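>>> Whatever this is, show me its structure:
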Amino acid sequence: MLKVLPRQTVPDWLKKYKPGDNIPFHLLIEDSVYYPACGFDGDVANLCMGFSHSFIYVDNLCLWGEVSKETVYERLNADYSFKGFRRIHQQEYSYPEMMGHHSVFEEPIKDGDGNPEYGLDPLPFFAILTIFEPYHGYDREVIHSETSTIHHIYERLAFLYICDDGCRSYEKLYQSHRAKPKAIAIIQPGDAFGGNWTSYYDEKKIFSRIVHKNPGGLPDIMIFGGRDSRGGYFRKQFWSSYPENIFYSRLYNKGVAIWQRLKIHKNSIQI
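Modelled structure (predicted):
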């Protein structure tokens with residue numbers, strides 16, 4: 001990851017996990033990073049690895065041509081996808097297996113939100129959990145000419161890929177468990193002509209309302225990013241409840257910014 005976010009210890013359930021053990025789903029979503037409209041972008045996992053050890057990627061995959069559940073498995077299991085890691089567990093979930101015991105109150109769609117019925121047909125739902133552990137168990141740093149330092153963290157991680165709508169999946173999972181993620185990433189979600197039915201960036205639209213009405217609370221940080229050929233677009237504040245910009249980077253015409261709600265202790269931030 002970029003050396004920006006404070007590193008956390010591997011959660012006890014993941015550290016002690018042995019293949020065949022039952023995985024309580026509420027532990028999987030605690031302190032997770034949620035990334036809707038993600039496609040197959042690995043940048044968020046790289047950025048937050050160590051800050052979190054549980055990643056929930058969600059995309060309905062309607063824009064990806066010949067993609068299927070089988071090709072998602074191929075991506076997850078390809079050597080180039082998680083270099084330095086090996087799979088120690090993989091399983092599928094249904095929604096009843098992922099849901100908690102609390103009620104879910106569906107946020108109504110309002111004028112201006114968009115219409116999920118328009119556009120390309122999504123793929124049928126599936127959810128694949130993969131648990132990875134490092135081959136060798138050591139970290140390494142790579143210094144890039146753009147003055148950024150990439151810290152490759154090798155610790156166990158859980159990676160859940162869900163084929164579903166990013167708004168409703170967040171609503172169901174986190175409300176039903178009365179939980180919140182540590183971070184949400186919104187990176188080039190494809191608003192309007194990009195194919196998405198609503199704007200994830202817009203704090204007045206449905207995804208933001210779902211996040212803010214979650215009884216489990218708000219995530220600590222928001223990560224906003226996307227293509228930005230002129231630079232600076234993602235320096236602006238997107239959601240008023242996240243007023244402090246703690247990181248900005250632009251590399252190869254892509255900007256990424258981290259905004260926080262609560263101040264992280266300065267001594268814990270690695271710059």
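
>>> drop to CA atoms for contacts and neighbour counts, all remaining ones
Will do.

>>> could you say which helix or strand contains residue 256?
In the assignment (DSSP states H and E), residue 256 maps to strand 254-260.

>>> Return the alpha-carbon coordinates of that strand using PDB.
In PDB, the C-alpha atoms belonging to strand 254-260 read as follows (Å, rounded to 0.1, in the frame of the first residue of the first chain):
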ATOM      1  CA  LYS A 254      -5.400   8.800 -12.500                       C
ATOM      2  CA  GLY A 255      -6.100  10.800  -9.300                       C
ATOM      3  CA  VAL A 256      -6.900   9.300  -5.900                       C
ATOM      4  CA  ALA A 257      -7.700  11.100  -2.700                       C
ATOM      5  CA  ILE A 258      -8.500  10.000   0.900                       C
ATOM      6  CA  TRP A 259     -10.900  12.000   3.000                       C
ATOM      7  CA  GLN A 260     -11.500  11.300   6.600                       C
END
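
>>> what stretches of the chain score poorly on pLDDT?
Applying pLDDT under 70 to the chain flags residues 1-3, 142-150, 192-194, 262-271.

>>> And the strands in it, which stretches?
For the chain, strands defined by DSSP state E occupy the ranges 33-36, 54-58, 85-92, 126-134, 140-143, 149-152, 157-163, 183-187, 221-227, 244-251, 254-260.

>>> re the thing from before, give me the helices and strands touching the strand holding residue 256, please.
Packing partners of strand 254-260 (3 or more Cα pairs under 8 Å, 6 or more residues apart in numbering; DSSP states H and E): strand 221-227, strand 244-251.

>>> Need the winner for burial among the ones you listed.
strand 221-227 (a mean of 22; mean count of other Cα atoms under 10 Å).

>>> quick one: strands adjacent to that strand?
strand 183-187 (parallel), strand 254-260 (antiparallel) (DSSP bridges).

>>> and it, how far from the chain's centre?
11 Å (Cα atoms, centre = their mean, to the nearest Å).

>>> And for it, what's in contact with it?
The contact list for strand 221-227 (Cα atoms under 8 Å, 6 or more residues apart in numbering) reads 182-188, 201, 234, 242, 253-261.
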